[in-house]
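Visitor: Provided below are the primary sequence and the corresponding predicted coordinates.
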Amino acid sequence: MLRDGDCVAIFHSIHRVMKAEKVLKGQGFPILLIPAPRALHADCGLAIRYASADRKTVEEVLAAEGLMPEEIHVKQGEQYLKVG
């Protein structure tokens, strides 16, 4: 489900993560709504996974919609490096 280099966006609420999913999928991004990894604390229990190659564009779209994630992590091996 998660590969090295994938980005994981954590949101404050289920409402925001679902809205972000709808916006991103509506624009054709190959994102996936996933259970938040145990290593990351997510209030709503869900996260959005996307490829690091799409990171800049995905985050620009989310910012334009007022839906920036609470945190963004990149998977590296068994760890998640916080990048935003």
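Guide: Everything's here; your move.
Visitor: Show me the shaky parts of the protein.
Guide: Residues of the chain that meet the criterion pLDDT under 70 lie in 42.
Visitor: which residues of it fall in strands?
Guide: Here the chain has its strands, by DSSP state E, at 7-10, 32-35, 46-50, 71-76, 79-82.
Visitor: Columns mean neighbour count and distance to residue 16 on top of those strands, output as JSON lines?
Guide: Every C-beta, even on glycine, is put in place using the N, C-alpha and C of the backbone. Below are the strands of the chain laid out as JSON lines (neighbours: other CB atoms under 10 Å; distance: least, CB to CB, whole Å):
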{"stretch": "strand 7-10", "mean neighbour count": "25", "distance to residue 16": "10"}
{"stretch": "strand 32-35", "mean neighbour count": "14", "distance to residue 16": "12"}
{"stretch": "strand 46-50", "mean neighbour count": "21", "distance to residue 16": "10"}
{"stretch": "strand 71-76", "mean neighbour count": "18", "distance to residue 16": "12"}
{"stretch": "strand 79-82", "mean neighbour count": "12", "distance to residue 16": "18"}
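Visitor: Can you say which of these is nearest to residue 24?
Guide: strand 46-50 (7.0 Å; CB to CB).
Visitor: Other residues contacting that closest one?
Guide: Strand 46-50 is contacted from outside by 1-2, 6-11, 14, 17-18, 20-21, 24, 29-37, 40, 58, 69, using CB atoms under 8 Å, 6 or more residues apart in numbering.
Visitor: Could you list the paired strands of it along with their orientation?
Guide: strand 7-10 (antiparallel), strand 32-35 (antiparallel) (DSSP bridges).
Visitor: and it with strand 71-76, angle?
Guide: 60 degrees (axes from the mean of the first three to the mean of the last three CA atoms, to 10 degrees).
Visitor: With distance to residue 45 added, can I get the strands paired with strand 46-50 in CSV?
Guide: Below are the strands paired with strand 46-50 laid out as CSV (distance: least, CB to CB, whole Å):
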stretch, distance to residue 45
strand 7-10, 10
strand 32-35, 6
